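*Asks:* Sequence below, structure please.
(2 chains)
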Amino acid sequence: QKEVEQNSGPLSVPEGAIASLNCTYSDRGSQSFFWYRQYSGKSPELIMSIYSNGDKEDGRFTAQLNKASQYVSLLIRDSQPSDSATYLCAVTRGSQGNLIFGKGTKLSVKP
Amino acid sequence: SQTIHQWPATLVQPVGSPLSLECTVEGTSNPNLYWYRQAAGRGLQLLFYSVGIGQISSEVPQNLSASRPQDRQFILSSKKLLLSDSGFYLCAWSRQVNTGELFFGEGSRLTVL
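*Replies:* The predicted structure follows:
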């Protein structure tokens, strides 16, 4: 089983809609969870972190964590064309291990 | 504020040639430093990380090596490149070791022919 799994997409949503990105992980000992955004040809940038079950909101972004289901998601409200990018889910291995990245989901927001 | 730079941005190298990628961090002291590789169709793979000068941890056995000659300098090297070394190489730093809050450099795109 892959350590961090994401649907590769592309996920296409119209401008103004909610984009929902999902991620599952295999290590039950993981404690920290992150979403990075990577524009084509550029390096990743951290946009959200979440450490406890539930929701965490930051502007138009909401991260959701369910450790029992080993599931992390990212919601983007009022999606904009500038949100078009690949979103990488990342999980720490074990309680304090190195960061493991998924392959990413490509999001396309159509005007 | 902290900044991270890596170079060169792009390079095309023949199989069997050497490699040297350099990364420097400004605006912070004693950063934790990382080298990642992103190959086509694959996720980000951690290659090396360093918690201090001369301290290198390797995550994946391969023909690459890393060195940290100064506090804010991290170098990725190879004596003989393989075709499979092609990819997007990313240097990153963090305030704490093995934390998920990484700050990446601009990346170096390597094509081995």
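*Asks:* Contacts only, for the residue nearest to residue B:97 when sequence neighbours are not counted.
*Replies:* By the measure of CB to CB, 6 or more residues apart in numbering or on different chains, the closest residue to residue B:97 outside its immediate chain neighbours is residue B:32, 4.6 Å from it. C-beta here means a position set from N, CA and C on the backbone, and glycine is covered the same way. Residues in contact with residue B:32 (CB atoms under 8 Å, 6 or more residues apart in numbering or on different chains) are B:49, B:50, B:51, B:93, B:94, B:95, B:96, B:97, B:98, B:99.
*Asks:* what helix or strand is the third one on?
*Replies:* Using DSSP states H and E, the element containing residue B:51 is strand B:44-52.
*Asks:* which residues sit against that strand?
*Replies:* Looking at what lies outside strand B:44-52 - CB under 8 Å, 6+ apart - the contacts are A:44, A:88, A:90, A:98-99, A:101, B:30, B:32-39, B:56-60, B:62, B:64, B:66, B:68, B:71, B:74, B:76, B:90, B:97-98.
*Asks:* Can you flag the buried ones in those residues?
*Replies:* For these, a neighbour count by 16 or more other CB atoms under 10 Å in any protein chain shown gives the buried set as A:44, A:88, A:90, A:98-99, A:101, B:32-38, B:56, B:64, B:66, B:68, B:74, B:76, B:90, B:97-98.
*Asks:* Could you list which of those belong to strands?
*Replies:* The members of those that map onto strands under DSSP state E are A:88, A:90, A:99, A:101, B:32-38, B:56, B:64, B:66, B:68, B:74, B:76, B:90.
*Asks:* angle of the strand holding residue B:51 against strand B:32-38?
*Replies:* 160 degrees (axes from the mean of the first three to the mean of the last three CA atoms, to 10 degrees).
*Asks:* picking that back up, would TSV of the contacts of residue B:32 with distance to residue B:3 and pLDDT be doable?
*Replies:* Converted to TSV, these look like this (distance: CB to CB, whole Å; pLDDT from 0 to 100):
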residue	distance to residue B:3	pLDDT
B:49	20	90
B:50	18	92
B:51	20	90
B:93	10	94
B:94	14	91
B:95	14	87
B:96	19	78
B:97	20	72
B:98	22	66
B:99	19	70
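*Asks:* Show me which of those is closest to chain A.
*Replies:* residue B:98 (5.5 Å; CB to the nearest CB).
*Asks:* give me every residue that touches residue 78.
*Replies:* With no chain named, the answer covers chain A. By CB under 8 Å, 6+ apart, the contact list for residue A:78 reads A:16, A:18, A:60.
*Asks:* Correction: the question concerned chain B.
*Replies:* Here residue B:78 is in contact with B:18, B:19, B:63, B:64, B:65, B:85 (CB under 8 Å, 6+ apart).
*Asks:* do that again at 6 Å, thanks
*Replies:* Taking CB atoms under 6 Å, 6 or more residues apart in numbering or on different chains, we find residue B:78 in contact with B:19, B:63, B:64.
*Asks:* ok, and of those residues, which contact chain A?
*Replies:* Among the contacts of residue B:78, none lies close to chain A by the criterion of CB under 6 Å from any CB of the partner chain.
*Asks:* Quick check: chain neighbours aside, which residue is closest to residue 58?
*Replies:* Unless you meant another one, I'm taking chain A. residue A:48 (6.2 Å).
*Asks:* actually chain B
*Replies:* Per CB to CB, 6+ apart, closest to residue B:58 is residue B:48, 5.6 Å.
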